[in-house]
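Peer 1: coordinates for the following, if possible.
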Amino acid sequence: GGTNGFHGSAYEYWQNSILNAAPYFWANNAQGVFGPQPVGYLRYNEWGGSIGGPIIKNKLFFYFVRDKLTNNGAAQAQTGTTPTLAERGQGAAHPGAFDFTGLPTLYDPLSCNTPGCSRTSFAAENTGALAGVNAIPSSRIDPVAAKILGYFPNPNGNGLTNNFSTTLAAPNPNLRYFGRIDWDQSKNNRVSFSISQKDNPGVNKGGPFPCPLNCFSGDIDGYNAQVTDTWSINSSMINEFRMGFTRQGNWFVPQTIGFDAANTLGLQYAKANVFPQINVNGGISTLQPGTNAIYIENLYDPSDTFTLVKGRHTLKFGMELLMGQGNTTPWGNITAGNFTFSGNYTAQNGVAAGSTGAGLADFLLGDAQQWSATNQTTSYARLKSPQAYAQDDWKIRSNLTINLGLRYVATTGFTEIHNNLGGFNPNLTLNCTTCGAANGSQGTLWFAPQNGRDSLQKPKHDIFLPRLGFAWSLRPNTVLRGGFGMYTYNYSQ
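Peer 2: Sure thing, here's the model as predicted:
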């Protein structure tokens, strides 16, 4: 902005895989066949433009930019391991039985119930057509496991491992705006406003199985806005007031959100409405719900700077108030349940680990080695930091300038609007009548607002940061510069 004539621009940058050459080297494909590699899928297009000019000549001006990027590419083919048809009861040799022929022997965890006892193998228990077969009869399959098994895709490759391959499209769109308005109220006073915005609604596809498993949004939005009033009071005094605002929002939402585990799977103790995570030891790829997390950060920054030129001195005085907000969840804050199946339940007692049993067999029987779940809410952190400074650029001689400055910084420390804060404090006395000799010792947990304190860190109001610098022109083509300063930074979440 800032001119009485209209001006603008337009552009486009385009890429497409139809113009790309195939890779020079051959490689094995998902089926293990050695041959030429295909050209990777690519659809990339970035276009935009700008325009600026007067709204009111000599008074009010605007400038606007729009940029859009479309990037519809594809990731490399991913391989994973899924249960074979035989292991899922669809084998040709023993249809209906969950057949582990050729794999370590499976033992029935119900065949004995005392620690260290010798278990009986399924092959020894099976009768009829399954007699002597290393298989689990369908009557023993856990009903919840049977339904979850259906979310493992059928193999599309050969072998027991890396028998499933897929290529997941990976779009990465991006839309950005920038706008500015300049208002000349008078020859001595200008008000400027600008705002930039970005929207990147990406998608994270972790694979190796198709979405919605292990797929979640990666939507990133951001805003930066400021308004500045610059007032030239006279030839030696200028005042600049600015109000700034920055917002960054990250939304990671799993595509399985809203999944009803109770009615769909019969899983009655799910702790969140997402697909449960199933970890099967022994090489089977994990079923994952996708990650849930939300990070929204706001920063408000009002400031004022006054400049005075007096003789050989250029004096600057300023102050600002940083006000930060962090409205966030932990990474992966909700899970329906994380289940681990190790193979211990179908292994023989007292033999080398891994020589018998299978994690997939434990899963089919519903015998989990480990279970956990998470359901954490959003926290609302707050931080304020008032600051002020004074600076003098003193031109002692025509070839020597000294910079002197002092900055004052204070900080409240992080607080949380619901007092959801806590941590270990080595200076607190343990008050625990049931703790025996430890009662009265130094060091215990603190939770806000215990002891009249509601901030995670102790507020600081005595931070003074000196600055010193110089610029010395030794000769027309040589300048020596140096400086010293003390700096600090705000607490991080």
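Peer 1: mind listing the strands for the stretch 351-493 of the chain?
Peer 2: Using DSSP state E, counting those that start in this stretch, the strands assigned to the stretch 351-493 of the chain run over residues 370-375, 379-397, 400-411, 415-416, 422-429, 442-447, 460-475, 478-485.
Peer 1: list the residues that contact Ser385.
Peer 2: Applying C-beta atoms under 8 Å, 6 or more residues apart in numbering to Ser385 gives the contacts Leu321, Leu322, Met323, Gly324, Val409, Ala410, Thr411, Thr412, Asn490. No exception for glycine: its C-beta is placed from N, CA and C like everyone else's.
Peer 1: any idea which of these has the most stuff around it?
Peer 2: Per-residue neighbour counts (other C-beta atoms under 10 Å) across these peak at Thr411, which has 22 neighbours.
Peer 1: name the nearest residue to it, ignoring sequence neighbours.
Peer 2: Among residues not flanking Thr411 along the chain, Ser385 sits closest, at 4.6 Å (C-beta to C-beta, 6 or more residues apart in numbering).
Peer 1: related to what we said a few turns ago, redo the contacts of Ser385 as TSV? Include distance to Phe209 and pLDDT.
Peer 2: Formatted as TSV, the contacts of Ser385 follow (distance: C-beta to C-beta, whole Å; pLDDT from 0 to 100):
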residue	distance to Phe209	pLDDT
Leu321	50	97
Leu322	45	96
Met323	44	96
Gly324	40	95
Val409	51	96
Ala410	52	95
Thr411	47	93
Thr412	47	90
Asn490	42	73
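Peer 1: any chance of a markdown table for those, columns distance to Phe178?
Peer 2: Listed next are the contacts of Ser385 as a markdown table, based on distance: C-beta to C-beta, whole Å:
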| residue | distance to Phe178 |
| --- | --- |
| Leu321 | 26 |
| Leu322 | 24 |
| Met323 | 24 |
| Gly324 | 24 |
| Val409 | 31 |
| Ala410 | 34 |
| Thr411 | 32 |
| Thr412 | 33 |
| Asn490 | 27 |
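Peer 1: and which of those residues is nearest to Thr127?
Peer 2: Gly324 (69.7 Å; C-beta to C-beta).
Peer 1: and the nearest residue to the closest one once chain neighbours are set aside, how many neighbours?
Peer 2: Spatial nearest neighbour of Gly324, excluding adjacent residues (C-beta to C-beta, 6+ apart): Leu383 at 4.4 Å. Counted with other C-beta under 10 Å, residues neighbouring Leu383 total 22.
Peer 1: gap between Leu383 and Met319?
Peer 2: Going from Leu383 to Met319 by C-beta to C-beta, to the nearest Å gives 17 Å.
Peer 1: out of the strands of the stretch 351-493 of the chain, deepest packed?
Peer 2: Of all the strands of the stretch 351-493 of the chain, strand 415-416 has the most neighbours on average by mean count of other C-beta atoms under 10 Å, namely a mean of 19.
Peer 1: roughly how far out does that strand sit from the chain middle?
Peer 2: 22 Å (C-alpha atoms, centre = their mean, to the nearest Å).
Peer 1: report the helix or strand with the lowest average pLDDT across the protein.
Peer 2: strand 27-28 (a mean of 73; mean pLDDT, DSSP states H and E).
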